[in-house]
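Undergrad: Give me a 3D structure for the following:
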Amino acid sequence: MAVGGIAARVRLWLDLIRWDRPAGWLLLLWPSLAALWFAAGGFPGWQLVAVFTAGTVLMRSAGCTVNDVADADFDRHVRRTAHRPVTSGALSKREALAVGAVLALAAFALVLLTNTLTIELSVAALLIAIAYPFTKRWLALPQAYLGVAFSFGIPMAFAAAADDVPLLAWVLLLGNLFWVLAYDTEYAMVDREDDLRIGIRTSAITFGRFDVAAVMASYALYLAVWAGVGLRLGLGWPFGLGVAAAAGMALWHFGLIRARDPARCFTAFRANHWIGFALFAGTAAGYALR
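TA: Predicted coordinates:
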């Protein structure tokens, strides 16, 4: 293959894994890093930070390939996704899955640098992630299932940093699940009309006219759970400041989504990683200054 052909192929692969849209992996990264700090009682060391950061990027990218292959027949009927490489036919499903497999293997190689418990949990995380695209066929709230998939870095972080997954990890996972439900409902509000037409199930459709209320209630539950954990662990005013910043951003999102304008709902979704960053920053600062 000529150099130009290789470059064109690489561009398709980068488009496949949403390389130019980092919001997706940032949504996964911040709760995982915060969990590392909780598990270690402070800075967990650069090796774990590097492993979880690189692993998050790789697994999110691999997940995009599986999602696009599973949803190709649906995505061609949705205006926002019709031009994705697999949907448009620019990449075959086999090639997309091969790219995903290479990325998943690279992520697994990183997990091998941790311990047995983390390796075992990584297998469960992979299976959960692979199953997600198919839940939109039969679950009324597939975003709740996505909440488990997108929060599984939390118990993995505890396993890697403490070789244990205590109740605290599952409490944080539950709280994070509500955050995923909030932001992915905003995402689903963007495509609601197309999804209704093609028969996809989403939380935006299930919640109906209560969609905005459900998003804001989910934000409130997420912040309440994480705030409760931080207060119980004595992380003090830095953590409280992070919670307050996250709450302020959630209120801004209410202004964005209340009219249900698809473009403003998409803006809200894409800005969600700042909410996660605020809680991570509050966690790291709280431990540093405690």
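Undergrad: tell me what the lowest-mean-pLDDT helix or strand in the chain is packed against?
TA: When each helix and strand of the chain is scored by mean pLDDT, DSSP states H and E, helix 72-75 comes last, with a mean of 73. Helix 72-75 sits against helix 85-88, with contacts defined as 3 or more Cβ pairs under 8 Å, 6 or more residues apart in numbering; DSSP states H and E. C-betas here are computed from N, CA, C, even on glycine.
Undergrad: residues making contact with the helix it packs on?
TA: When contacts are defined by Cβ atoms under 8 Å, 6 or more residues apart in numbering, helix 85-88 is touched by residues 12, 15-16, 68-69, 71-72, 75-76, 81-82, 91-93, 96.
Undergrad: Same question for that helix: list its buried residues.
TA: Across helix 85-88, burial judged by 16 or more other Cβ atoms under 10 Å covers 85, 86, 87.
Undergrad: How about stretch 257-272?
TA: Quick answer for stretch 257-272 (16+ other Cβ under 10 Å): 257, 264, 265, 266, 268, 269, 270, 271, 272.
Undergrad: didn't the last one look like it was pressed against residue 184?
TA: Read it as residue 272. No - using Cβ atoms under 8 Å, residue 272 is not in contact with residue 184, being 9.1 Å away.
Undergrad: what about the strands in the stretch 101-250 of the chain?
TA: Ranges of strands in the stretch 101-250 of the chain, per DSSP state E, counting those that start in this stretch: none exist.
Undergrad: any low-confidence regions in the chain?
TA: For the chain, the stretches with pLDDT under 70 are 1-5, 77.
Undergrad: go with 90
TA: Residue ranges of the chain with pLDDT under 90: 1-10, 16-17, 19-22, 24, 66-91, 129-142, 193-201, 290.
Undergrad: show me what contacts residue 159?
TA: 114, 115, 117, 118, 121, 165.
Undergrad: brain fart, residue 148
TA: Here residue 148 is in contact with 128, 173, 177 (criterion: Cβ under 8 Å, 6+ apart).
Undergrad: ok, it to residue 219 distance?
TA: Distance of residue 148 to residue 219, computed by Cβ to Cβ, to the nearest Å: 18 Å.
Undergrad: now do residue 102
TA: With distances taken as Cβ to Cβ, residue 102 is found 36 Å from residue 219.
Undergrad: Which one of the two is surrounded by more residues?
TA: Taking neighbours as other Cβ atoms under 10 Å, residue 102 and residue 219 compare with residue 219 leading, 24 against 15.
Undergrad: For the closest residue to residue 206 other than its chain neighbours, grab the count of nearby residues.
TA: Closest residue in space to residue 206, ignoring its immediate chain neighbours: residue 140 at 4.6 Å, by Cβ to Cβ, 6 or more residues apart in numbering. Applying other Cβ under 10 Å, we find 13 residues neighbouring residue 140.
Undergrad: Distance check, residue 140 against residue 85.
TA: Distance from residue 140 to residue 85, by Cβ to Cβ: 30 Å.
Undergrad: Verify the contact between residue 31 and residue 283 for me.
TA: No - counting by Cβ under 8 Å, residue 31 stays clear of residue 283, with 9.8 Å between them.
Undergrad: hey, C-alpha coordinates of stretch 206-221 in PDB?
TA: C-alpha atoms of stretch 206-221 as PDB (Å, rounded to 0.1, in the frame of the first residue of the first chain):
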ATOM      1  CA  THR A 206     -38.200   6.300  28.500                       C
ATOM      2  CA  PHE A 207     -38.200   9.400  30.800                       C
ATOM      3  CA  GLY A 208     -40.400  11.300  28.200                       C
ATOM      4  CA  ARG A 209     -41.400  14.700  29.400                       C
ATOM      5  CA  PHE A 210     -39.600  14.100  32.700                       C
ATOM      6  CA  ASP A 211     -36.200  13.800  31.000                       C
ATOM      7  CA  VAL A 212     -34.900  17.200  32.200                       C
ATOM      8  CA  ALA A 213     -36.000  16.400  35.800                       C
ATOM      9  CA  ALA A 214     -34.400  12.900  35.600                       C
ATOM     10  CA  VAL A 215     -31.100  14.400  34.500                       C
ATOM     11  CA  MET A 216     -31.000  16.900  37.300                       C
ATOM     12  CA  ALA A 217     -32.100  14.300  39.900                       C
ATOM     13  CA  SER A 218     -29.300  12.100  38.600                       C
ATOM     14  CA  TYR A 219     -26.700  14.900  39.000                       C
ATOM     15  CA  ALA A 220     -28.000  15.500  42.500                       C
ATOM     16  CA  LEU A 221     -27.700  11.900  43.500                       C
END
